[in-house]
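Kindly return the folded structure for what I paste below:
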Amino acid sequence: MSSVWKVLVQLHNVVNIPCGVCSNGECDDARVFSVVARAVSSNGTLLTECPEVIAEFTTRDIVQASAADPLEVKLDGRGERGAAVSAEWSTNAPTIELMLLVKERQPTCERVVGSCEKNLVIDVSDVVQRRKIVTHIVGTEMGRVGVSLTVAPSDTAGYRRRLTEFLSQYNPGGLHLVDSVVRGIPEVETFTKLYRKYALVDYERRVRDFFRVYGREHAVQVPLLLKEWENREEELMHNLVLDNGPEPDNIDVETRLAVFLRAHNVSTATPDVARALRESNKTPFQLFEALTLKYGPEPDPRSYLFPPTHYELTQTQYQLRQLRPASVPPVRAAENKWSPQREISSNGGAKRQEEGKPFSQHQRQQTSPVILSVSHFDPPAATETDINGNGDHSYGKEKDTRSVNFGNNAVMSWEGFCDLLRRQGREPSDVYYMSEASFSAAAENMGYTKPDRDILIHQWQQRLRAAVREEVLTPSDAYYGTAMKEVLNLVGLQELNLEVVSVTMVSNREHASCFANRLLTAQQRATERLAIVGEYHRLRDIVVHGANGTAGEPNSRRNPCIVFHRLPFQNWNRKQFTCILVCDVVIGKPFVCTPLVKTAREATEEFRTEWDCCVFHDASGGQAVAVYDPQQVLPRFMVQCHVDVTVTPCPAHPSRAVEYYVADENAFACSHCVVLGKYRKKEVLAIEDAAAQARSRLADYKRDVHQLLVDLEARETDLVREVDDMSIAARRLEAEKEVERIRREAEERVAAVLRALEQAEEDQLNDIKLRRECVWKAREAADTLSENVTTALQHTNPLQVLAALQRVQAEDELQYLRGEFRRSCIKINVTENGTRPDAPYAWTRTAIRDDDGALTIAAATGTRVNPLFEQIEDKMQRMEGIHMNTNSRQNYGCTSSIGTGVSTHLMKTPQPEKNTTANSLYAKYLAIASGASKEEEKEEEEEKEGLIHQPMNSNVLTKKNSESNSALCALSAPPSEIRRAKEDITKGWALYRQGDPEGARRMWNDVYGCHLDSAIGARAQAYIAEALDRDYEAAAKWYDLSLQRDPSDVMTLYNYGVLLETLLGRLEEALMLFERAHTLGDGAAGRRAQQLRVSLGKI
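Have a look, this model is predicted:
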């Protein structure tokens, strides 16, 4: 691929030229303007291999299509002046910058009158390789300059290479046509066809996106336009950009989004905007299509992308203009009042309106004595006198003959009045925003007598009439249809709702000048077209005297402002005749209020310094814009019309009103749809009849909602009563008795019972709270539904009644509320097996082995005494034989590590027992738990010596014994008998704890007698041998027999292992039992085995 990129650069036009450029009005104007384009590198160095592109024009080349259009000059056909409007640039750099200047050449000097704020960055490689033609609009102080960059026609070698590469990828069979195509078809046209054929560029999407931004009303013409420009879509986009503005895809997305959000008073945090950002996948077209469908049209990019245009006279030009005789006044001299800054215009809708005369026309001559009489004033004042002293104006096509009665004194009095205003720090332009009473009061305050005030009032009225222009449009005028569509978009109505009587174009020369200056001083140079609705004479007064505190429904006299409602007809309910005044408004930097604020912010000095307007929501919920300066408002046209918001257009035929309701289809239709359309064979109802039926159905809904509210209130009362009854429930009384009984046994179990009770009450209270919250929410929703149905019944519009019925039926909210009522009757918090326990407390037991080696039982969190808690019986079975410490928790795994520490104390030789009861393990446990003295603890340790000399029997549990006796497991009793046996074992432990060992022996012997051949019988004998007889070898044998009958009894494996480890010293066998219990899922046995392996040195 060649490293040299060749592009053709062309200058096409300059649009929105400042009016001051043409205000001279001289036929021998010698000024020549030049548009110069230069190529520079990224560091600002001029690229000499790229020649300058120069296009020249004069004021005689500037044209204006109509009074509403901007000034424009075409540069494409100016080559006869010897200046090139295109040049071919060649560069090795893939990216260059374009610097654009506008120069003015006079006979005596030359100066730069316009330049782009930043150089235009151009990706040359992208233009040559992919896009082929790129059109840019560059903003300068002299207007918007159209520039295009096209792949160079002279680069035939590159053309052939690029076409070959493309066809090799997409159509290898067409490579033989490359030479003929290169010789006969331009590269832009060729690749346009290829891009369209292989769907590489979506031209339809680009054109639709362009019209969505610049002309939504013309979007219906897109298919016809694409058909007309088929295979020349790039040329179509080139012309559209030059005539309107930059293509939306070429505008920075963040800038577009920020302007859109500000224009529609939303932010990225708004749910709809955030959802559009997520769903658009960073595709600008999808993003702004979704946003415009939701919020409305996108602001015109020309209103925020380009700087405001202006043209300043040189000192020589200014002096010549002041000395020019009055016989040749400029047609736009009246706009240049007091300072050159009056010539400034803006591309955001702030351009001054023309008076409808060509630039070559001049006003009628004025007699010279008027000029001589004011020669002693300063030049600006002389200019003002020279302009406004002219008695021939076109307003109303009449001359005010009374002006001759005042003569030169009137002119001198007016100029003196203006000079006095300036000395007082006020602008003379302020008088054009006063009523006659305000102007007379101002003159009186300045010391003028009544005769002088009459002269000033006459001069003031004469200037008002001269400044105002009105033109009544007819339906045949080109702008008539555009004005109607614009009004419909501004007020949010359909064409069927608006019957236009007349459209009048209005302009005020003085207001236009002040509007342009106010736009320059705004915080942000942004304008928006808004509408005021009112009586004709009031709106006509706004055109003449400007918008003041009486326009647009001011909030109060204390806070005068002009309020524009975006939806002024949303509360209308009948057909009325009214007038709509469409104005350009300087929005600038708006202050956006929250939806709760229903009035505009007070116009304090601090507020107006920072903000230009206030956006708030009025009492009816619609958005409104409050403007505090009348110079921010410039009327454009006025429409007199009949507005009927009660008429709804047919969905299939927007030009026809809805007359019928199709019940089967749940749709509205017009007479054409019923007679000739798709509903011609359907059963239909007149709108009035359908509304009557809908009102009856809504009344039924209201009754149902009322009954539901009554039921919900009763349910809430029942729930409150249920909460009150909790304090006297039988469960609480039973729990208190249980707590009292347990307190006698051990203090720590009382706290456990109370905690369990409180937890149960808290769970039930949470249950009730959840159901009450469900009832409250259902009541709120039912209240809202009742209000909506009541509101719907009050509608007078049949369509609204039907729409309300459809909405209620579609939402089916009543059925949902009934379901919520049924759910409120169901208790939410239930146990795992779907039932609620009878009492909120249940406790388990754990077996505890003291230092003496005896076996006893202590409560982990309480003692299970209520037989209703059978759902936790499996836990009781698991916990009944665990060897744990006194401060253990509900499962033996938390204290399984005590075995190692206990074994160091139990290896001493025990002393002969003096008293079985006094020296028993349980008695020592109670002594320790009750805080016995250290001396008693020493005596107990001395009694434990000699344990290691106790004879031990070999009783090794092997897999062979387990397998040989596994058949005994089949002899197990039924589950009910097993459960009773477990309860008897538990009762035996309870008797043992209470100091009745013989009772415990009888209970365990009974279990053994009933279960001679089962594992539980052997386990009972093991407990007798270990806890009562202190015969640990016999206990080991019984444990061995129990495991032979039930090899998978994890609890027996664990207890047997503890016995072997701590009392018999058979560590290897104990390790085998712990490991086997661990393989069966006992985590505590696993930890015990790990500790034992460490002590044996196996790790």
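
Residue 415: what secondary structure?
Following DSSP: H, G, I helix; E, B strand; the rest coil, the label given to residue 415 is helix.

Tell me how far it lies from residue 428.
Distance, residue 415 to residue 428, by C-beta to C-beta, to the nearest Å: 10 Å. Heads up, the C-betas are built off the backbone N, CA and C, glycines and all.

Now do the helix or strand where residue 262 lies: which elements does it pack against?
Residue 262 belongs to helix 253-263 when assigned by DSSP states H and E. On a contact count with 3 or more C-beta pairs under 8 Å, 6 or more residues apart in numbering; DSSP states H and E, helix 253-263 meets helix 284-295.

Going by neighbour count, which residues in the helix it packs on are buried?
284-285, 287-292, 295 (16 or more other C-beta atoms under 10 Å).

Quick one: those residues as a markdown table, columns for pLDDT and distance to residue 514 too.
As requested, the buried residues of helix 284-295 are exported to a markdown table (pLDDT from 0 to 100; distance: C-beta to C-beta, whole Å):
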| residue | pLDDT | distance to residue 514 |
| --- | --- | --- |
| 284 | 88 | 37 |
| 285 | 87 | 40 |
| 287 | 90 | 38 |
| 288 | 90 | 34 |
| 289 | 88 | 38 |
| 290 | 90 | 39 |
| 291 | 90 | 34 |
| 292 | 90 | 33 |
| 295 | 90 | 31 |
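
Just the closest of those to residue 235, please.
Using C-beta to C-beta, residue 285 is the member of these that lies nearest residue 235, at 21.3 Å.

now the strands for the stretch 401-550 of the chain?
468-473, 498-508, 527-534 (DSSP state E, counting those that start in this stretch).

contact partners of the longest one?
When contacts are defined by C-beta atoms under 8 Å, 6 or more residues apart in numbering, strand 498-508 is touched by residues 67-68, 353, 355, 432, 467-473, 479-480, 483-484, 487-488, 491, 543-544, 546, 577, 634-644.

and it, how far out from the chain's middle?
39 Å (C-alpha atoms, centre = their mean, to the nearest Å).

who does it pair up with?
Strand 498-508 has the following strand partners under DSSP bridges: strand 468-473 (antiparallel), strand 633-643 (antiparallel).

can you tell me which of the ones you listed the model trusts least?
Least confident of these, judged by mean pLDDT, is strand 468-473 with a mean of 88.

tell me which residues in that strand are buried?
So, applying 16+ other C-beta under 10 Å, buried residues of strand 468-473: 468-469, 473.

With adjacent residues omitted, what lies nearest to residue 1077?
Nearest non-adjacent residue to residue 1077, counting by C-beta to C-beta, 6 or more residues apart in numbering: residue 1085, 3.5 Å away.

That neighbour and residue 586: what is the separation?
Residue 1085 is 85 Å from residue 586, by C-beta to C-beta.

Same check on residue 142?
Taken as C-beta to C-beta, the span from residue 142 to residue 586 is 23 Å.

Which one of these two is surrounded by more residues?
Legend: neighbour count by other C-beta atoms under 10 Å for residue 142 and residue 586, higher for residue 586 (29 against 25).

Give me the pLDDT for the more buried one.
Predicted confidence (pLDDT) for residue 586: 91.

any idea how far residue 529 is from it?
Taken as C-beta to C-beta, the span from residue 586 to residue 529 is 11 Å.

check contacts around the spatially most central residue of the chain.
Per C-alpha atoms, centre = their mean, the C-alpha nearest to the average position across the chain is that of residue 270, at 2.8 Å. For residue 270, no residue meets the contact criterion (C-beta under 8 Å, 6+ apart).

Just the pLDDT for it.
We have a pLDDT of 89 for residue 270.

same check, this time on residue 22
At residue 22, pLDDT is 80.

before we move on, what about residue 312?
pLDDT, read off for residue 312, is 85.

Ok, residue 1067 next?
For residue 1067, pLDDT reads 89.

correct me, but it touches residue 1096?
Yes: contact criterion C-beta atoms under 8 Å: residue 1067 and residue 1096 qualify, at 6.1 Å.

quick one: low-confidence parts of the stretch 601-750 of the chain?
Scanning the stretch 601-750 of the chain for pLDDT under 70 picks out 621.

in it, which spans are helices?
When assigned using DSSP state H, counting those that start in this stretch, the helices of the stretch 601-750 of the chain occupy the ranges 605-610, 671-675, 687-725, 730-745, 747-793.

Could you provide those in JSON lines, with additional columns for distance to residue 123?
Shown next, in JSON lines, are the helices of the stretch 601-750 of the chain (distance: least, C-beta to C-beta, whole Å):
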{"stretch": "helix 605-610", "distance to residue 123": "40"}
{"stretch": "helix 671-675", "distance to residue 123": "54"}
{"stretch": "helix 687-725", "distance to residue 123": "60"}
{"stretch": "helix 730-745", "distance to residue 123": "81"}
{"stretch": "helix 747-793", "distance to residue 123": "57"}
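
Residue 809 is nearest to which of these?
The nearest among those, by C-beta to C-beta, is helix 687-725 at 8.1 Å.

buried residues in the closest one?
Neighbour-count burial for helix 687-725 [16+ other C-beta under 10 Å]: 687, 690-691, 694-695, 698, 701-702, 704-705, 708-709, 711-712, 715-716, 719.

do you know how far residue 1065 is from residue 1032?
10 Å.
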